[in-house]
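In: just a sequence and a predicted model for now, questions to come.
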Amino acid sequence: MQLTTKLFITLLLVVCTSATYAQEYQNTDSILHVKDSVNDAKIQFFIRQAEQLQRENDSLKKQRDAKAIRNAQQTSKKESPKIDTNVFEYKGNLYKRKAGYLTLGAGSAFNLKPISYKNPIIGLGLTFRVKKSYLRCNYSNIRTDATQLFRNQYFNVSLGNSKQRLKSVFSYYFGLSYSFLWQPTKDKATGLVLPEQYSQIGSYGIYSEFSYYYKPLYDIGIGPTIFVNLDFINPIAGIRLELYFANSFKRKI
């Protein structure tokens, strides 16, 4: 009886111990499973963080590269030399295109009302570039028919164009004029011309001229100018031989 009791107690202890060990093993397995899940979550979190950091770094790099490219382009624009299309090189010198010029000339003028003999004329002209055209201002001095002491004076302002080439210039102008003319004085009572007495009067008119200059040098030339000045008192036409001086030289190269 006692032996049977001892065996029963021993068997009970073995069963209890086995159950305890089984429960502990199960708990341990659950804990390990939980730990594995936690570790997997941490790994995934770190992976996502690393990917996010990589994307941010890539974005910053692209921004820096774009900024560097813009800065390089701006620097290149600032440092690149500006090309002036209004100047050109010719025979070792630098010249301006379509520059203004000065003319000095002398010639003969013919009265058109009435048609009479030629009179000596001297003239000075200044020409300025105005956008796509040229503005020309002329002064002419002509000896009168009746006397060599008094001279008629003509002032002209005109617009036109000047075709400037390496060896020649062709120009044409149309404009207005104002003339200071000396006329013989007439007696108001009889209407007869008083000898050796003259009075000066002013007269408006229209003016035109055509010029051609040959240029042995780019900015120096010589050539004829044909002109017509039509006013209400003493219209004239004539020709001058003029010297041409252009304001085109800038510097030697």
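Out: Yes, it's here.
In: packing partners for the strand ranked longest in the chain?
Out: Scanning the chain for the longest strand, with DSSP state E as the assignment, gives strand 193-217. Counting contacts by 3 or more C-beta pairs under 8 Å, 6 or more residues apart in numbering; DSSP states H and E, strand 193-217 packs against strand 133-143, strand 151-164, strand 168-186, strand 220-231, strand 236-246. Quick note: C-beta positions are derived from backbone N, CA and C, even for glycine.
In: and that strand, how far from the chain's centre?
Out: Centre-to-centre, strand 193-217 and its host chain are 39 Å apart (C-alpha atoms, centre = their mean, to the nearest Å).
In: buried sites along it?
Out: By neighbour count on 16 or more other C-beta atoms under 10 Å, the buried set for strand 193-217 is 198, 203, 205, 207, 208, 209, 211, 212, 213, 215.
In: per the annotation, how does the chain divide into domains?
Out: For the chain, automatic domain parsing gives the domain ranges 1-80, 96-252.
In: any idea of the mean pLDDT in the first one?
Out: Read it as domain 1-80. Domain 1-80 shows a mean pLDDT of 66.
In: give the contact list for the closest residue to residue 244 other than its chain neighbours.
Out: Excluding the flanking residues, the one nearest residue 244 by C-beta to C-beta, 6 or more residues apart in numbering is residue 221, at 3.7 Å. By C-beta atoms under 8 Å, 6 or more residues apart in numbering, the contact list for residue 221 reads 168, 169, 213, 214, 215, 243, 244, 246.
In: for residue 97, phi and psi?
Out: Here is the backbone geometry of residue 97 (degrees, to the nearest 10): phi -80, psi 150.
In: would you mind measuring from it to residue 220?
Out: 17 Å (C-beta to C-beta, to the nearest Å).
In: those two - which one has more neighbours?
Out: Taking other C-beta atoms under 10 Å, residue 97 and residue 220 do not tie; residue 220 has more neighbours (15 against 12).
In: gap between stretch 173-181 and the chain center?
Out: With C-alpha atoms, centre = their mean, you get 35 Å for stretch 173-181.
In: got it, and stretch 239-251?
Out: Relative to the chain's own centre, stretch 239-251 is displaced by 26 Å; criterion: C-alpha atoms, centre = their mean.
In: same question, stretch 105-116
Out: How far stretch 105-116 lies from its chain's middle: 45 Å, per C-alpha atoms, centre = their mean.
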